[in-house]
Each structure stands twice: as C-alpha cells, then as structure tokens.
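S.K.: here is the input, now give the coordinates:
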Amino acid sequence: MAFHIHRRSLLAMAGIAGAAAVVGPARAHRAEDGTIRIGLVAPMSGPNARYGSFSLRGAQLAAKEINDAGGVGGRKITIIPGDSQGTPTEGVSALRRLIERDKVDYVIGDVTSGVTLALQPIAEEANVLLLNAASSNPTITYRAGKGGMKWTYRNYPTDEVRALVVLKYAAEQRKLTKFSVLSVDSDYGRGAIAFTKKYLPRFNASIVTEDYYKEGEVDFRSVLAKIRDSGAQGILMYGLADTTPIIARQMIETGVAGKLPLIGNGEFNAEVTIKAAPRALEGAIEAAAWLPAWDNPRSKAFVAKFAAEYRESANNHAYVHWETTHLLAKGVAAAGSVDRLKVRDALSSIKYESAMGEVTFDDHNQARLPMVLLQIENGAPSIKGAVSGEIEYPRT
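M.R.: Next comes the predicted model:
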C-alpha cells in the first residue's frame, strides 16, 4: 500500500514544480516579518479530526511557551495548520498551500503514515524540512537520510520497535503465544501486524485468525465470536482510539472480556477508553510513545499546562506535537539561523532533552526514543518500564 501511495505522491509532485522556487522568497519573507512560520499538516476534519485537534493544540501550546520566553533568537513562532483530512491527496494539497501561499520553512506532519509518505517527495523537491511527530510506519525513515530523502526527520518511535516490544512482553512475561488479529485496515494497522509476524518465530508464537476493520465500522460481534472460539490467548490490535471503546464493549457482549487481553496500541491506557469497558481493558498490553502518567517533571508540567489551557486532558498526539515543536525550535537556535539547510544540519547533530529522555537522530534521520511499556491493572495503566531498540534497516 505504501508503494502505491508513493507513486501517487510522485505524480502529484509534477503539479508543484514551482514549489522549490519558493525557497528564496520564503527566506526573504521571514527576514522581513521576523517570524518563524511552522506549517502543521494534520487531519483537522474527517474521521481522524480528533488527532488533528490534539496535534494542533499541542504545537500551539509549545509555540506560546517559546514566544512568552522571548522566542527563538528574538523571533516569534507562528503555527499554521493545513488540513490533510487524513488522506494523501488532501495532505499533498495542504502541503502545497503551506509552501506556496503561507511561505513556511518547516513543516510538522502528518499523523497518518500514508499521508506522510505522500508528503516526503514534495518536501524533498522544495527543500523544506518535514519533521514528523506521530507517523509510525518504518518506511518513512527507511527512505529518509541515508535512504535518500534528506529533508525528512522523525521524532517518533516506529511500528517495528513497538511490535517487537509488546510481543516480547506478551510472550515472555504473560506466556501468550497464540493470537488473533483485529486491527485497523490501514498502513498503520496492517504494517504493525506485518512486523509482528517478522518476530513471531523468535517466541514460538503464531496467529490463528486475522481480521481488519474499516474506519467508521461499529459492529464487531461476529468477528469477536470467531476469535472467542479460535483458541487464541490474546488479541493483537493496532487500531483507532475512537474504535477501541466500541470493540471493548462488544467484547463484554460476546464473552471475550476477561479472557483475551488486547495487545498492541489503540490508546488502551486512555481514561475514556478504560471507563467505557474496564473489564475488557483489564490486562491489556501497550507500548506508547508517551503517557500522561509518565513520572518526569517536564512531562508533568506539560500535562498541567495543557489541562489549564484547554480544559481537557492531554493525549499522546498533544504531547508529541508539543515536544516536537520545542525540538524544532531548539534546532533553529542551535543553527543560529532560520536557513533551512543549517537547521536541517543542526537536527542531525542535536542532543535534545525530552520528557522521555535524550533525543538524537540516526543516519536515517530517525529519533532514537524509548517507549513506555504498560499494562492495564485494576482499571488503570501500570507502567512496566521504558524500553528502546535500534532499528534494523533493510539492506540496500
């Protein structure tokens, strides 16, 4: 699927041949108004709008903090949103507008891996830094940096690391080796399962049933009944946060709750998810890029500030976009310039202290980041530790 998206994005690139030409005017614009204009491509509408809303507010909170402290070298940051609607076509259009109309030098985005894959060649052609904060498909950094695309960076763990971490814990600590799959039918959902399959032999584990759901789907009773009778010991689920509570409630209806734990990632740890069906979420295993409960002073300060600013609890998308905006600002400060190439080079050598630990980038422009491993116990997330792993890139 990623390959076809890539081909479409290459075709779309033909329609923005002038994008690269905006590099000079963009720098002149910045010199005139004294700002740092950061574009943020995310789904502001459509089925994934919830992710976009948290992403935007996280980035805006970071910009406010930076600006209140005097900006970056005296320059104030402006966050300019672009609505991808969660689709590659709309994401491409949003990026074009940000580059051509809004004259941004740097872009953060997208939440959806398929959109990010489509954005990469356009950012490359225009020499615009694309700093990803939430897409987890490993292909993004397989082909970045040493992989060829010099303008893409990612400040987020990949599905490959996540799949290995949760499978290892499920097999070694929980003695679960037979799994059913119920994941979202997307690059993310299918990709995570593909990487899980890569490591199944290591733990003498197997998949007994495999099903995927579409965005907006609401009836899972028949597939859950099949899973219940399959002999599986757990359900591998890499899914959508809004769908997880629906599945969890139907797990209770079909007699699956309390027998087969959810394993993977679908915001199992979110308070709203657990409250929807606590019996179904009990024992769920998840590896997260970040948790509101993470015991770190910087993290706790962010949680408090976000709640005070927006009267809502922060989630993962809010955090990673808040942290990534700060990271980008540090890159600009380290470069001592808004020049795109200098900022890009500064990121390659940066050592940035995030709430999750020190961030550095490898030769594929992928951040080395630990993940939080957690298990739902007595209706609340129980952190089992922070784990990380160096990515094994495909040989070229």
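S.K.: doesn't R298 lie inside a helix?
M.R.: Yes. Looking at R298 with DSSP: H, G, I helix; E, B strand; the rest coil, it is inside a helix.
S.K.: got the contact list for the residue nearest to it when sequence neighbours are not counted?
M.R.: Nearest non-adjacent residue to R298, counting by CB to CB, 6 or more residues apart in numbering: A355, 4.2 Å away. For every residue, glycine as well, the C-beta is placed using N, CA and C. Taking CB atoms under 8 Å, 6 or more residues apart in numbering, we find A355 in contact with 290, 294, 296, 298-299, 302, 319, 323.
S.K.: tell me which element the most centrally placed residue in the chain falls in.
M.R.: By CA atoms, centre = their mean, the chain has its centre lying nearest to A134, at 1.9 Å. Using DSSP states H and E, A134 maps to neither a helix nor a strand.
S.K.: could you report the pLDDT at the closest residue to it other than its chain neighbours?
M.R.: The shortest distance from A134 to any non-neighbouring residue, by CB to CB, 6+ apart, is to V111 (4.7 Å). With respect to pLDDT, V111 scores 95.
S.K.: show me where the stretch 1-150 of the chain dips below the pLDDT cut-off.
M.R.: 1-33 (pLDDT under 70).
S.K.: please enumerate the strands of it.
M.R.: Ranges of strands in the stretch 1-150 of the chain, per DSSP state E, counting those that start in this stretch, are 35-42, 76-83, 106-109, 129-132.
S.K.: how distant is the last one from the center of its chain?
M.R.: Relative to its parent chain, strand 129-132 has a centroid offset of 12 Å by CA atoms, centre = their mean, to the nearest Å.
S.K.: who are the packing partners of it?
M.R.: Counting by 3 or more CB pairs under 8 Å, 6 or more residues apart in numbering; DSSP states H and E, the packing neighbours recorded for strand 129-132 are strand 106-109, helix 113-126, strand 152-154, helix 316-335, helix 340-348.
S.K.: alpha carbons only: can I get it in CSV?
M.R.: Presented in CSV, the C-alpha positions along strand 129-132 are these (Å, rounded to 0.1, in the frame of the first residue of the first chain):
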residue,chain,number,x,y,z
LEU,A,129,12.2,20.3,6.4
LEU,A,130,9.4,17.8,7.1
LEU,A,131,9.7,16.9,10.8
ASN,A,132,7.3,14.0,11.7
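S.K.: can you get me a residue count around the spatially closest residue to S136 that is not a sequence neighbour?
M.R.: Spatial nearest neighbour of S136, chain neighbours left out: D159 (4.6 Å); criterion: CB to CB, 6+ apart. Other residues lying near D159 total 26 when counted by other CB atoms under 10 Å.
S.K.: before we move on, back to that, help me confirm that the residue nearest to the centre of the chain comes into contact with W322.
M.R.: No. In this structure A134 lies outside contact range of W322 using CB atoms under 8 Å: 11.5 Å.
S.K.: show the buried residues in the contacts of A355.
M.R.: Buried members of these, scored by 16 or more other CB atoms under 10 Å, are 290, 294, 299, 302, 319, 323.
S.K.: okay, the residues you listed in TSV with pLDDT and distance to D345 next?
M.R.: Formatted as TSV, the buried ones among the contacts of A355 follow (pLDDT from 0 to 100; distance: CB to CB, whole Å):
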residue	pLDDT	distance to D345
W290	91	27
W294	90	31
S299	97	29
F302	98	28
Y319	98	27
E323	98	21
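S.K.: circling back to that earlier point, for E100, state which of the contacts of A355 is nearest.
M.R.: Nearest to E100 out of those is E323 (CB to CB; 28.4 Å).
S.K.: gap between the closest one and Q375?
M.R.: Using CB to CB, to the nearest Å, we find E323 at a distance of 24 Å from Q375.
S.K.: kindly report the same for G385.
M.R.: Taking CB to CB, one finds G385 at 11 Å from Q375.
S.K.: kindly report the same for E312.
M.R.: E312 is 25 Å from Q375, by CB to CB.
S.K.: more neighbours: which of these two?
M.R.: Remark: of E312 and Q375, Q375 carries more neighbours, 21 against 12, as counted by other CB under 10 Å.
S.K.: next, give phi and psi for the more buried one.
M.R.: Note on Q375: backbone dihedrals following degrees, to the nearest 10 are phi -140, psi 140.
S.K.: list the contacts of it.
M.R.: Shown in contact with Q375 (CB under 8 Å, 6+ apart): 283-286, 381-382, 384.
S.K.: ok, of these, which one's closest to V223?
M.R.: A284 (17.9 Å).
S.K.: how near is that closest one to T244?
M.R.: 9 Å.
S.K.: what touches both of those two?
M.R.: Taking CB under 8 Å, 6+ apart as the criterion, A284 and T244 both touch 262, 268.
S.K.: quick check, nearest of the contacts of Q375 to F179?
M.R.: Proximity to F179 was ranked across these by CB to CB; first place goes to I285, at 11.4 Å.
S.K.: next, the buried residues of the helix or strand encompassing A225.
M.R.: Element membership for A225 (DSSP H and E) is helix 221-228. Judged by neighbour count using 16+ other CB under 10 Å, the buried positions of helix 221-228 are 223-224, 226-228.
S.K.: then stretch 354-368?
M.R.: So for stretch 354-368, counting by 16+ other CB under 10 Å, buried means 354-356, 359, 361-362, 364-367.
S.K.: ditto for stretch 47-64
M.R.: For stretch 47-64, burial by neighbour count (16+ other CB under 10 Å) applies to 48, 51-63.
S.K.: filter these down to the ones in helices?
M.R.: For the buried residues of stretch 47-64, membership in helices holds for 51-63, with DSSP state H as the criterion.
S.K.: so can I have TSV of these showing distance to Y212?
M.R.: Shown next, in TSV, are those (distance: CB to CB, whole Å):
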residue	distance to Y212
Y51	19
G52	23
S53	26
F54	25
S55	25
L56	29
R57	30
G58	29
A59	31
Q60	34
L61	35
A62	35
A63	37
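S.K.: thank you, goodbye.
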